[in-house]
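Asker: Sharing a sequence plus its predicted fold:
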Amino acid sequence: MPAWYDITGLSPDRASEGCDGIDESCDRIKQFIAKEIDIGILPSRIALAGFSQGGAMSLFCGLQLPQEMKPAGILVMSGYLPAAKKFKLTPGFEDIRVLHCHGTSDPVVQHQWGEMTKTAVQNQVCSAAAFVIEISIVSLLMNYISNFFL
């Protein structure tokens, strides 16, 4: 199922995914950010947000951007960390705030993937006390954007 990148399965072990196309999609996101910076928007005024696979891209790409593109924050709605085995947090990004919202009844992006994402990201910044990834769990929320988050 190609979109931002190719999803070849929905196994619980998302860290091993190949995610063909993910690097090209990150390059597109960098181009969008670069255009905003070129017109005078400070990176500290830019936030990345996405739902489902878009949330996965916001997290994966947003925490690995070049230092000069460091965003103000990241919002992930019903997402996860794709290709976690190749994820490397950009040094200096330990203070980026991440809000990860997830429902417990999501049949597409399982709740446990949100918890695994939090652990995977925090493991890379275990020495940074300032790093906060907050996961907001909503009982019975499925795979859609709820007014609860708006």
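Answerer: Yep, it's here. Numbers count the residues shown, from 1 in each chain.
Asker: Stretch 39-46: end-to-end distance?
Answerer: 13 Å (CA to CA, to the nearest Å).
Asker: tell me which residues of the lengthiest helix in the chain are tucked away?
Answerer: Using DSSP state H to define each element, the chain has its longest helix at helix 22-38. With burial defined by 16 or more other CB atoms under 10 Å, the residues of helix 22-38 counted as buried are 22, 25, 26, 29, 33. C-betas here are computed from N, CA, C, even on glycine.
Asker: try stretch 43-55
Answerer: Within stretch 43-55, the residues scored as buried using 16+ other CB under 10 Å are 43, 46, 48, 49, 50, 51, 52, 53, 54, 55.
Asker: in this structure, which ranges drop under the pLDDT threshold?
Answerer: Applying pLDDT under 70 to the chain flags residues 1-2, 9-16, 125-150.
Asker: Now the phi/psi pair for the most centrally placed residue in it, please.
Answerer: The centre of the chain sits closest to residue 59, judged by CA atoms, centre = their mean, with a distance of 1.7 Å. Main-chain dihedrals, residue 59, degrees, to the nearest 10: phi -70, psi -50.
Asker: Settle this for me: it is touching residue 120, isn't it.
Answerer: No. Checked against CB atoms under 8 Å, the pair residue 59 and residue 120 is beyond contact range at 9.9 Å.
Asker: ok, back up a step: neighbouring contacts of the longest helix of the chain?
Answerer: The contact list for helix 22-38, computed with CB atoms under 8 Å, 6 or more residues apart in numbering, reads 4-5, 43, 46, 48, 57, 60-62, 64-66, 69, 71, 82-83.
Asker: Show me where this protein has its helices.
Answerer: Secondary structure of the chain, counting by DSSP H: helices at 22-38, 53-62, 111-124.
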